[in-house]
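S.K.: Whatever this is, show me its structure:
(chains A and B)
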Amino acid sequence: SQQGEEDPQALSIQEGENATMNCSYKTSINNLQWYRQNSGRGLVHLILIRSNEREKHSGRLRVTLDTSKKSSSLLITASRAADTASYFCATDPIYNQGGKLIFGQGTELSVKP
Amino acid sequence: DTGVSQNPRHKITKRGQNVTFRCDPISEHNRLYWYRQTLGQGPEFLTYFQNEAQLEKSRLLSDRFSAERPKGSFSTLEIQRTEQGDSAMYLCASSDRARTGGWGYGYTFGSGTRLTVV
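M.R.: Coordinates of the predicted model:
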């Protein structure tokens, strides 16, 4: 079963606007990761946030993690048409010894020029 | 190219036929994962290897599925007697996570093999 649930399922914005995607999960985790997938392609790792971290930045990406609420958010600032893709959160559960990631169903982001 | 390579990119097969996919991970990575993804869904875990040892298999991996990673290098995923429900994108990923538990590392994914069973 999927560990993460993402919200919204689809998001459409104009170029230059910010995009926020949320992820909720069920069990305690070692870390949470965000991936991007362009249509018909593999996933690309964007950012990893560890369970003892609350916020992390990478370029135009900002990720927050609230372990008490078992939730995370991904903010993309000043979006570009090239950011159009599906975004997935993935958790590394604390019970998991193999590094197996559990993915959510994703948020489909459309950035209109 | 030092990324994860998957072959073929696309495979169309008739129901009942056997198919085999190949994954070449990043050479320094000791862990290799197979995932399956259907349209509109996130990837679902199938199995993973640490070096040549297959350490975990999902319940999704029925008896018709088998995976190998001889010598801890490339991996193959075989599906026997394919069914229409096997149509999906099969993704391979590798990581260099050196220890269990702990802080973790991101995966590097291949571009996937899209299987269509007709």
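
S.K.: OK, contacts around the residue lying closest to residue B:90 once chain neighbours are set aside?
M.R.: Nearest non-adjacent residue to residue B:90, counting by Cβ to Cβ, 6 or more residues apart in numbering or on different chains: residue B:113, 4.8 Å away. For every residue, glycine as well, the C-beta is placed using N, CA and C. Contacts for residue B:113 (Cβ atoms under 8 Å, 6 or more residues apart in numbering or on different chains) come out as B:6, B:7, B:8, B:9, B:10, B:11, B:21, B:89, B:90.

S.K.: The fourth one and residue B:110 touch, don't they?
M.R.: Spelled out, that is residue B:9. No. Checked against Cβ atoms under 8 Å, the pair residue B:9 and residue B:110 is beyond contact range at 9.7 Å.

S.K.: residues contacting residue A:22?
M.R.: Counting by Cβ under 8 Å, 6+ apart, residue A:22 makes contact with A:6, A:7, A:71, A:72, A:73, A:74.

S.K.: Can you give me the distance of it to residue B:116?
M.R.: From residue A:22 across to residue B:116, the span is 33 Å (Cβ to Cβ, to the nearest Å).

S.K.: for residue B:30, same thing?
M.R.: In this view, residue B:30 and residue B:116 are 32 Å apart by Cβ to Cβ.

S.K.: Looking at those two, which has the bigger crowd around it?
M.R.: The neighbour count for residue B:30 versus residue B:116, taken as other Cβ atoms under 10 Å in any protein chain shown, is higher for residue B:30 (16 against 13).

S.K.: which residue sits closest to that one, ignoring its sequence neighbours?
M.R.: residue B:51 is the one closest to residue B:30 (Cβ to Cβ, 6+ apart), at 5.4 Å.

S.K.: Direction included, what does the least confident helix or strand in chain A by mean pLDDT pair against?
M.R.: Among the helices and strands of chain A, strand A:5-7 carries the lowest confidence by mean pLDDT, DSSP states H and E, at a mean of 86. Paired neighbours of strand A:5-7 in the sheet (DSSP bridges): strand A:19-24 (antiparallel).

S.K.: Please identify the helix or strand for the most centrally placed residue in chain B.
M.R.: Geometric centre of chain B, nearest residue: residue B:34, 2.7 Å, by Cα atoms, centre = their mean. Per DSSP states H and E: residue B:34 is located in strand B:31-37.

S.K.: Kindly report the same for residue B:20.
M.R.: strand B:19-24.

S.K.: Output that strand in CSV with nothing but the alpha carbons.
M.R.: Extracted in CSV, the C-alpha atoms of strand B:19-24 (Å, rounded to 0.1, in the frame of the first residue of the first chain):
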residue,chain,number,x,y,z
VAL,B,19,9.5,-11.0,-21.4
THR,B,20,12.8,-10.0,-19.8
PHE,B,21,14.0,-6.5,-19.0
ARG,B,22,17.5,-5.5,-18.1
CYS,B,23,18.9,-2.8,-15.8
ASP,B,24,22.5,-1.6,-15.6
